[in-house]
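J.: the following comprises the amino acid sequence and a computationally predicted model.
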Amino acid sequence: MKIVIIGAGRIAWHLGKRLRSKGMPVAQVISRTAENAEALAEILHAQWTVVPAEILPDADWVIVAVKDDAITEVAEAFAPYAAHALVTHTSGGTAGAVLARFYERYGVFYPLQSFSREHTPVWSKIPFCVDAAHPEDVLMLKKIAKTIGNLVYRVTDDQRALLHVAAVFANNFANRCFAIAEKILDEKDLPFELLHPLMEETLAKALQDSPERMQTGPAMRGDNDTVSRHMQLLQKHPEWQEIYRILSEDINPNIHAVNH
Ligand SMILES: NC(=O)c1ccc[n+]([C@@H]2O[C@H](COP(=O)([O-])OP(=O)(O)OC[C@H]3O[C@@H](n4cnc5c(N)ncnc54)[C@H](OP(=O)(O)O)[C@@H]3O)[C@@H](O)[C@H]2O)c1
C-alpha cells in the first residue's frame with residue numbers, strides 16, 4: 001500500500017514513524033513548508049514535495065494531518081491529483097464529510113490522544129476512532145489501526161463531534177483546573193506537589209467507577225457556608241470565582257454559590 005502524509009506536524013511525525021515501524025512505510029511527505037517536509041521525509045526514508053500536483057499518482061491512502069482549519073483548503077488543493085485514493089483526515093473536531101465534496105473514498109483516522117513532540121506515544125493505549133464512506137475502507141482503516149495500536153472504534157461524524165467536546169472537558173478543562181489550583185497554591189507559597197496525591201486519587205476513582213458517583217466536595221455535600229467562603233477567597237480572581245460558581249451549581253443545583 002502506498003501511503004502519503006500531508007502535513008509535517010506532531011501527528012504526521014508520530015503516525016509516520018509508527019506506520020514505518022509496523023511495516024507500512026510512508027512513501028511521500030507533502031507539506032506547506034519545505035524544510036518541515038524534508039525533515040520528516042528524511043526520518044521516514046520517504047520522498048517529499050510541497051507541490052500538490054507532485055503527489056504520487058498511485059497513492060492508495062492519503063493522510064491529511066494538517067491543522068483543522070486548513071483541512072478543507074488542503075483537500076481541495078489535492079483533489080485533482082488523488083481522485084482514486086482513500087483520503088482521511090486525523091481530526092477529532094472536523095466532520096469526515098468535509099472531504100466528501102472532493103473525494104469519493106474519504107474517511108477519518110483519529111487517534112484520541114494528546115500528542116507532543118517530547119513524548120513517545122503509548123500506542124497500545126490510544127483509541128483509534130475510524131470511519132469511512134465505504135464499508136471496505138472502514139475495514140481497511142480498522143485493520144491498520146489494529147496493527148499500529150490496539151483499541152479501535154468505528155465512530156460516526158455525529159458521535160465524534162461530541163466525543164471531541166467530551167475530550168475537551170476530560171483533558172483541556174481538567175488540566176486548566178489543575179493549573180488554577182497550582183496558581184492558587186503559588187499565591188500562598190505552597191508547592192503544587194501537595195495536591196499530587198489528591199489528583200492521582202481523583203483520576204484513579206474516575207477510572208474505576210462513574211465520576212458522577214465519585215463526586216465529593218462542599219458543593220456535593222450542600223455545605224453552603226464553605227462554598228460562600230471559597231467564593232469570598234476568590235474575590236481577587238473574578239474569572240476563577242465564576243468557574244467555581246458554575247461548577248458548584250452544576251454539581252449541586254441547590255447550592256447557593258453567592259459572592260457576599
Ligand atoms: N496533536 C494532537 O494531540 C492531535 C491529536 C489527535 C488529532 N490531531 C489532529 O491532527 C491534525 C494535525 O495536528 P498536529 O497536532 O499534527 O498539528 P501541528 O503539529 O500544529 O502541525 C500542523 C501541520 O499543518 C500544516 N498547516 C497548517 N496550516 C496549514 C495551511 N494553511 N495549509 C497547509 N498546511 C498547513 C503545518 O504546516 P507547516 O509545517 O508549514 O507549519 C503542519 O505541518 C489536526 O487535524 C488535529 O486536530 C492532533
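T.: Cool, got the structure.
J.: find the closest residue to the ligand in the stretch 101-250 of the chain.
T.: Of all residues in the stretch 101-250 of the chain, Phe115 sits closest to the ligand, at 3.8 Å by Cβ to the nearest ligand atom. The C-beta positions use only the backbone N, C-alpha and C, and glycine is treated the same way.
J.: Leu195 and Asp186, how far apart?
T.: Distance of Leu195 to Asp186, given as Cβ to Cβ, to the nearest Å: 12 Å.
J.: just for the stretch 101-250 of the chain, where's the confidence low?
T.: Along the stretch 101-250 of the chain, no part satisfies pLDDT under 70.
J.: near the ligand, which residues of it show up?
T.: Proximity of the stretch 101-250 of the chain to the ligand (Cβ under 6 Å from any ligand atom) is limited to residues 110-111, 114-115.
J.: quick revisit: Leu195 and Asp186: who's more crowded?
T.: Taking other Cβ atoms under 10 Å, Leu195 and Asp186 do not tie; Leu195 has more neighbours (16 against 11).
J.: burial check on the residue lying closest to that one once chain neighbours are set aside, number of neighbours?
T.: Spatial nearest neighbour of Leu195, chain neighbours left out: Ala181 (5.8 Å); criterion: Cβ to Cβ, 6 or more residues apart in numbering. A total of 16 residues lie near Ala181 under the criterion other Cβ under 10 Å.
J.: is it fair to say Ala181 lies in a helix?
T.: Yes. Counting by DSSP: H, G, I helix; E, B strand; the rest coil, Ala181 is located in a helix.
J.: of the residues of the stretch 101-250 of the chain next to the ligand - the most surrounded one?
T.: Neighbour counts for these, by other Cβ under 10 Å, peak at Tyr110, which reaches 26 neighbours.
J.: now do the SS call for that residue.
T.: Following three-state DSSP, Tyr110 is assigned to strand.
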